[in-house]
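Visitor: any chance you could fold what I've pasted below:
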Amino acid sequence: MKVLVCGGAGYIGSHVVKALLRGGFEVTVFDNFSTGLEENLQGGAGLIRGDILDPGALEAAFAGGGEGSGPFEGVVHLAALKAAGDSMTNPEAYSLSNIGGTVNLLRACSAGGVKYFVFSSTAAVYGAPVCLPVEENHPLNPENFYGFTKKIIEDLLTWYDLLRGLKFAVLRYFNAAGYDPEGSIRGREKNPANLFPVIMEAAAGLREEVLIFGDDYDTPDGTGVRDYVHPWDLAQAHLQALEYLNQENRSLCLNLGSERGFSVKEILTAARRITGRIIPARVVPRRPGDSPILVASAHQARRVLDWTPHYSDLDSLIKTAWEVYRPD
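Guide: Reported below is the predicted structural model:
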């Protein structure tokens, strides 16, 4: 199958491209490199430099005739702004990039005869959990604008299935952490805000300390508990989702998580043990909207895709990340 991966030079996208190439797919990366890195490009994949905000660039990519261009049978969409906090102060940018860019991409898919669409969604569509673990039928009530944009896109996909016959897989990630276990993807995220890269930067001396946002939650050690999943495990799910769509021609929506929660203090303790670094940390007030615990049920992904995360244990998450951040 010939597949276009939008955002294929990014942190998760580069792992997805590697998995698809290894699975025998013909892959082209479409990326504007606003956050993606050339060093994460995988050999064997085509490359189109372009932006999903540019309908002309998408039209040219899907039209065919150029190296690595269409027609494409499948599209994997990972191109988006993704900082939850930033989305609350800059909603216009998130509307334009996430919603407007996806509308452009869906228009190009319709014109180009694309059959299958795999979408990088997020657990942020759920908002504060009303029950745990969070299953796919949990109410959707995003508490940040980033999660709202992803929910809107999920709704768009439902309509494009109905109106255009575009079969989709919505993959709701929980918290991605870690790096390629084989070490071939080493480009670090730019300006990270997530816990794992922040801890790694502090361990490597690239930042002074780790901020712990609240230690008075109703959790075993008072700090927030989250479900973390390795990007290589996520990448395998994208491959399996494309195979499912090709075989079953039926849309689906799945959570992707380890089904295990780790607290901030638990992660810091493990990171200090594995890296051998002090990793200074300081408790600061809670952030608005943060839930005490957020853990996935990935039962449907296991049942439907036969998906099993192999690298999402805490030690593997930290060790693979430290291999990238450790000073030479």
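Visitor: show me where the protein has its strands.
Guide: Listed in chain order, the strands of the chain (DSSP state E) span residues 2-6, 26-31, 46-49, 74-77, 116-122, 167-173, 175-176, 210-213, 225-229, 252-256, 261-263, 281-284, 293-294.
Visitor: list the contacts for the closest residue in space to Gly50 that isn't next to it in sequence?
Guide: Distance criterion C-beta to C-beta, 6 or more residues apart in numbering; nearest residue to Gly50, sequence neighbours excluded, is Ala57 at 3.5 Å. For the C-beta atoms, the positions are set from N, CA and C on the backbone; glycine is no exception. With C-beta atoms under 8 Å, 6 or more residues apart in numbering as the criterion, the residues that contact Ala57 are 48, 50-51.
Visitor: between the strands of the chain, which one is nearest to Ala63?
Guide: strand 46-49 (11.3 Å; C-beta to C-beta).
Visitor: run a quick neighbour tally on Glu188.
Guide: Quick fix: residue 188 is Arg, not Glu. 18 (other C-beta atoms under 10 Å).
Visitor: hmm, Pro197 and it touching each other?
Guide: Yes: between Arg188 and Pro197 a contact is recorded at 7.1 Å, counting by C-beta atoms under 8 Å.
Visitor: counting contacts, what elements does the lengthiest helix in the chain pack onto?
Guide: In terms of residue count, the longest helix belonging to the chain (DSSP state H) is helix 145-164. Here helix 145-164 touches helix 84-89, helix 91-94, helix 101-112, strand 116-122, strand 167-173, going by 3 or more C-beta pairs under 8 Å, 6 or more residues apart in numbering; DSSP states H and E.
Visitor: run the angle between that helix and strand 167-173 for me.
Guide: Computed by axes from the mean of the first three to the mean of the last three C-alpha atoms, to 10 degrees, the angle separating helix 145-164 from strand 167-173 equals 170 degrees.
Visitor: can you show me the CA trace of helix 145-164 as PDB?
Guide: Extracted as PDB, the C-alpha positions of helix 145-164 are listed here (Å, rounded to 0.1, in the frame of the first residue of the first chain):
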ATOM      1  CA  PHE A 145      -8.800  23.800  23.300                       C
ATOM      2  CA  TYR A 146      -6.200  21.300  21.900                       C
ATOM      3  CA  GLY A 147      -8.500  18.400  22.900                       C
ATOM      4  CA  PHE A 148     -11.500  20.300  21.400                       C
ATOM      5  CA  THR A 149      -9.800  20.500  18.000                       C
ATOM      6  CA  LYS A 150      -9.100  16.800  18.000                       C
ATOM      7  CA  LYS A 151     -12.700  16.000  18.900                       C
ATOM      8  CA  ILE A 152     -13.900  18.200  16.000                       C
ATOM      9  CA  ILE A 153     -11.600  16.300  13.600                       C
ATOM     10  CA  GLU A 154     -13.000  13.000  14.900                       C
ATOM     11  CA  ASP A 155     -16.500  14.300  14.100                       C
ATOM     12  CA  LEU A 156     -15.400  15.300  10.600                       C
ATOM     13  CA  LEU A 157     -14.100  11.800  10.000                       C
ATOM     14  CA  THR A 158     -17.400  10.300  10.900                       C
ATOM     15  CA  TRP A 159     -19.000  12.500   8.300                       C
ATOM     16  CA  TYR A 160     -16.400  11.800   5.600                       C
ATOM     17  CA  ASP A 161     -17.000   8.100   6.100                       C
ATOM     18  CA  LEU A 162     -20.700   8.700   5.600                       C
ATOM     19  CA  LEU A 163     -20.500  11.100   2.700                       C
ATOM     20  CA  ARG A 164     -17.300  10.000   1.000                       C
END
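Visitor: alright, I will stop here.
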